[in-house]
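> what's the 3D shape of this:
(chains A and B)
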Protein chains: 2
Amino acid sequence: MSKVYTGASMSLDGYIAGPGESGFEHLFEWYGNGEVVMPTKMPDLTFKLSPVSAKYLQAHLAQTGSLIVGRKLFDVTKGWGGEHPMGRTVVVLTHNPPQGWADNPNFVFVTEGIEAAVDTAKQIAGDRIVGVNGGVIARQCLNAGLLDEIWVDLIPVLLGGGTPFFDQLSDAPVSLDGPLSVVEGDRVTHLRYRVRK
Amino acid sequence: MSKVYTGASMSLDGYIAGPGESGFEHLFEWYGNGEVVMPTKMPDLTFKLSPVSAKYLQAHLAQTGSLIVGRKLFDVTKGWGGEHPMGRTVVVLTHNPPQGWADNPNFVFVTEGIEAAVDTAKQIAGDRIVGVNGGVIARQCLNAGLLDEIWVDLIPVLLGGGTPFFDQLSDAPVSLDGPLSVVEGDRVTHLRYRVRK
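Numbers count the residues shown, from 1 in each chain, chains lettered A, B, ... in the order given. Below you'll find the predicted structure:
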């Protein structure tokens, strides 16, 4: 059975964005501070990673079969110009599927809620895992008992406020197991945790 | 010159206490989930640590020469019955020193603000380091540029809210270096970071 994980770059004080959508120069520094060039499906987005983080991220990508995002991220990125940078099918959870996207095989729009979105994404992923975008969607998965793992790229910075990785949890405290692995990159510590059920 | 550090057990989502002062059974689990018995200066407080965490904590204690706490913690603990569990001199930052403590050599009351408290604690610590209690005092040190290191005992739990390790930072974002070390205990990951100045 396909597992469901969420992951994000998070400051030591628990934020995936600083106040007023700031702090990304810190949170995403590790995507650009190394010598290993890693192209994405977006022509103007190329990662330059440390060897350790490149190996970690490549393994991560290889394991991932599909993604789930919310409508807000889909809209903000304009559907990443037609294909997600990871090159995976994206399940978009939305009340109203957008016009003009029905013929694009890279996106599937699900209107029946988080459980249906996870079911759809698991079918697409097959024996690989499903990646869930941090924030609202990850919280919905966690609250519904559908989240298996949390992958944190822990950044050595205090942002002092902003968007928490997790808030409004309906069943806190949530016990985790792990870290299952600790991988030390350059200005990032890659941590993986399992959600106890 | 003596360094100043702060440390605390913190949930993965950044809290040193859950909502309504909850969650301590998670945050402090590692103080009681092992076989290495470690007495403290308080007769009814004995730690039972994993071998890894015991070694880490003993090294930590050996390096620490003095402590700084706020008046609130001093009052809540009633001065730990006369001596701090770590057996170190405690500098208490307060506007009004309490009555009846002038003859106790384990406590020094400083009324002239955080810089004076740090100066006093450094003199007491000598060539060892100064431990600063998390929360308000640590934030005052950080905001005044007086904090050198942050030691986080990262706990695999999401508390979903409560008391952040750091908030109301006057100069966020605050860049850190590290982790300087990663020590994996049982249901705790001991991380040390240096504050960039």
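
> who in chain A is up against chain B?
A:11-15, A:18-19, A:22-23, A:26, A:142, A:150, A:152, A:156-161, A:164-169, A:172-179, A:182, A:184, A:189, A:191, A:193 (C-beta under 8 Å from any C-beta of the partner chain). The C-beta positions use only the backbone N, C-alpha and C, and glycine is treated the same way.

> Need phi/psi at residue A:122.
The phi/psi pair for residue A:122 (degrees, to the nearest 10) reads phi -70, psi -40.

> Check residue A:116 too.
Torsion angles, degrees, to the nearest 10, at residue A:116: phi -70, psi -40.

> Just to check, it is in contact with residue A:110?
Yes - shown here, residue A:116 and residue A:110 form a contact pair, counting by C-beta atoms under 8 Å, at 5.2 Å.

> For those two, work out which one has more neighbours and name it.
Neighbours per residue (other C-beta atoms under 10 Å in any protein chain shown) separate residue A:116 from residue A:110, with residue A:110 holding more: 19 against 13.

> Where helices are concerned, which of the residues of chain A next to chain B count?
A:26, A:142 (DSSP state H).

> Kindly write the ChimeraX command that selects the buried subset of the residues of chain A next to chain B.
Command for ChimeraX that selects the buried part of those, burial taken from 16 or more other C-beta atoms under 10 Å in any protein chain shown:
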select /A:11,12,13,14,15,18,22,23,26,142,150,152,156,157,158,159,160,161,164,165,166,169,172,173,174,175,176,178,179,182,189,191,193
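
> Residue A:140: what secondary structure?
The three-state label given to residue A:140 by DSSP: H, G, I helix; E, B strand; the rest coil is helix.

> Give the pairing partners of the top strand by length along chain A; include direction for each.
As assigned by DSSP state E, the longest strand anywhere in chain A is strand A:174-184. Here strand A:174-184 is paired, per DSSP bridges, with strand A:189-195 (antiparallel), strand B:157-158 (antiparallel).

> how distant is the longest one from the center of its chain?
Read it as strand A:189-195. Centroid displacement of strand A:189-195 relative to its chain, using C-alpha atoms, centre = their mean, to the nearest Å, is 13 Å.

> So what touches that strand?
Outside strand A:189-195, the residues that touch it by C-beta atoms under 8 Å, 6 or more residues apart in numbering or on different chains are A:53, A:56, A:142, A:147-154, A:156, A:174, A:176-184, B:12, B:156, B:179, B:182, B:189, B:191.

> what's the answer for the last one, then?
Applying C-beta under 8 Å, 6+ apart, the external contacts of strand B:157-158 come out as A:142, A:166, A:169, A:172-176, B:11-13, B:23, B:26-27.

> and with 7 Å instead?
A:166, A:169, A:172, A:173, A:174, A:175, A:176, B:11, B:12, B:13, B:26 (C-beta atoms under 7 Å, 6 or more residues apart in numbering or on different chains).

> Closest one to residue A:129 out of those residues, please.
Proximity of the contacts of strand B:157-158 to residue A:129 was ranked by C-beta to C-beta; the top entry is residue A:176 with 17.0 Å.

> dump the residue contacts of the closest one.
With C-beta under 7 Å, 6+ apart, residue A:176 has these contacts: A:150, A:193, A:194, A:195, A:196, B:12, B:156, B:157.

> again, but for residue A:63
Contacts of residue A:63 by C-beta under 7 Å, 6+ apart are A:128, A:129.

> What pLDDT is listed against it?
Residue A:63 carries a pLDDT value of 96.

> what separates it from residue A:192, distance-wise?
Separation of residue A:63 from residue A:192 (C-beta to C-beta, to the nearest Å): 11 Å.

> returning to that earlier point: any chance of JSON lines for the contacts of strand B:157-158, columns pLDDT and distance to residue A:80?
Output for those, formatted as JSON lines (pLDDT from 0 to 100; distance: C-beta to C-beta, whole Å):
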{"residue": "A:166", "pLDDT": "86", "distance to residue A:80": "25"}
{"residue": "A:169", "pLDDT": "90", "distance to residue A:80": "29"}
{"residue": "A:172", "pLDDT": "93", "distance to residue A:80": "32"}
{"residue": "A:173", "pLDDT": "96", "distance to residue A:80": "35"}
{"residue": "A:174", "pLDDT": "97", "distance to residue A:80": "30"}
{"residue": "A:175", "pLDDT": "97", "distance to residue A:80": "35"}
{"residue": "A:176", "pLDDT": "98", "distance to residue A:80": "30"}
{"residue": "B:11", "pLDDT": "97", "distance to residue A:80": "33"}
{"residue": "B:12", "pLDDT": "97", "distance to residue A:80": "29"}
{"residue": "B:13", "pLDDT": "94", "distance to residue A:80": "28"}
{"residue": "B:26", "pLDDT": "98", "distance to residue A:80": "38"}
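
> Tell me the one of these nearest residue B:130?
For the contacts of strand B:157-158, the nearest to residue B:130 is residue B:11 (25.4 Å; C-beta to C-beta).

> nearest residue to that closest one other than its sequence neighbours?
The shortest distance from residue B:11 to any non-neighbouring residue, by C-beta to C-beta, 6 or more residues apart in numbering or on different chains, is to residue B:159 (4.4 Å).
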